[in-house]
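Peer 1: the sequence and its predicted three-dimensional model are supplied below.
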Amino acid sequence: MPLKAVGSDVDGTLTVRRGDLRVSVHAIRGIRLLESRGVKVILVSGNSLPVTAGLSVYLGSSGPVVAENGCVIMYRGQIYHVCSGRPPEGLLRKLQDLGLRPSWQNEFRYHDMAFFMPRGVDENSKAELLRAVSEIAEAHGLRVLWSGYAVHINPGNGKGEGLLRALELIGVSASEAAAIGDGENDLDMLSVVPISGCPGDAAPAVKVKVKFVARGRGGAGFLEFARWLLAKGERN
Ligand SMILES: O=C(O)COP(=O)(O)O
Ligand SMILES: [Mg+2]
């Protein structure tokens, strides 16, 4: 099937490397390359809609924008809500009692709420906190998604459903699409399309799931994946 769209995570996939927030110049080259060959790039991020939509404009990706880990989509100025509702205030207060810090982007979110880990927390304490948060959130029927940057409390089904809805909006079937991501919050997106990839510094849980593990970190890995996809299309 011809490749018509690529769903891409943002933080850790289009940035210099995982943990860094600066956009990689290699990622911009990769987006321009795909778009020049008629392949629409769809940003699929845990970030809020204003952040993700703004990035899409300046990075030049022409596909729909999927934000809040799949909960909300913007395309041609129209906003589509995949999720409904938002986590109860009491739950959000409990997370803050655990020392988690609400993201400034929560002011601009509809459904998915994001929290940063306490400053200076070590890996063990981070795992402990994620377990405690999961217990609290799951009691409310909510998902907990870790992006490597922030903990998300999500009332929906994650990025996979968001990407499928975005593909529907542009009349592209999942079999004509690929996806790339770096974090645990990308796993379901990477499983809804036949071809998936990750940067070389992606989370171990992602590397074992994808077809293509790039050598380069972050956006350099994205550019490698873009070139591999296009070369693959020429070989088929
Ligand atoms: O918002 C986050 O936590 C990270 O966003 P991402 O899904 O683009 O990596
Ligand atoms: Mg990411």
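Peer 2: Cool, the structure landed. Numbering: from 1, shown residues only. Ligands and ions are numbered 1, 2, ... in the order given.
Peer 1: give the buried residues for the longest helix along the chain.
Peer 2: For the chain, the longest helix by residue count, based on DSSP state H, is helix 218-235. Within helix 218-235, the residues that count as buried by 16 or more other CB atoms under 10 Å are 218-226, 228-230. All C-beta atoms are positioned from the backbone trio N, CA, C, and that covers glycine.
Peer 1: same question, stretch 168-185
Peer 2: For stretch 168-185, the neighbour count (16+ other CB under 10 Å) marks 169-170, 172, 174, 176-185 as buried.
Peer 1: mind checking which of the residues you listed land in helices?
Peer 2: residue 169.
Peer 1: also within reach of ligand 2: list those from the buried residues of stretch 168-185.
Peer 2: Among the buried residues of stretch 168-185, proximity to ligand 2 is found for 182-183 (CB under 5 Å from the ion).
Peer 1: with pLDDT added, can I get the buried residues of stretch 168-185 in JSON lines?
Peer 2: Listed next are those as JSON lines, based on pLDDT from 0 to 100:
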{"residue": "169", "pLDDT": "98"}
{"residue": "170", "pLDDT": "98"}
{"residue": "172", "pLDDT": "98"}
{"residue": "174", "pLDDT": "98"}
{"residue": "176", "pLDDT": "97"}
{"residue": "177", "pLDDT": "98"}
{"residue": "178", "pLDDT": "98"}
{"residue": "179", "pLDDT": "98"}
{"residue": "180", "pLDDT": "98"}
{"residue": "181", "pLDDT": "98"}
{"residue": "182", "pLDDT": "98"}
{"residue": "183", "pLDDT": "98"}
{"residue": "184", "pLDDT": "97"}
{"residue": "185", "pLDDT": "98"}
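Peer 1: wait, doesn't residue 164 sit right on residue 173?
Peer 2: No - under the criterion of CB atoms under 8 Å, residue 164 is not in contact with residue 173, lying 9.5 Å apart.
Peer 1: run through the strands of the chain in chain order.
Peer 2: For the chain, the strands defined by DSSP state E occupy 5-8, 40-44, 65-67, 72-75, 78-81, 101-102, 113-116, 143-146, 151-154, 177-180, 195-198, 212-213.
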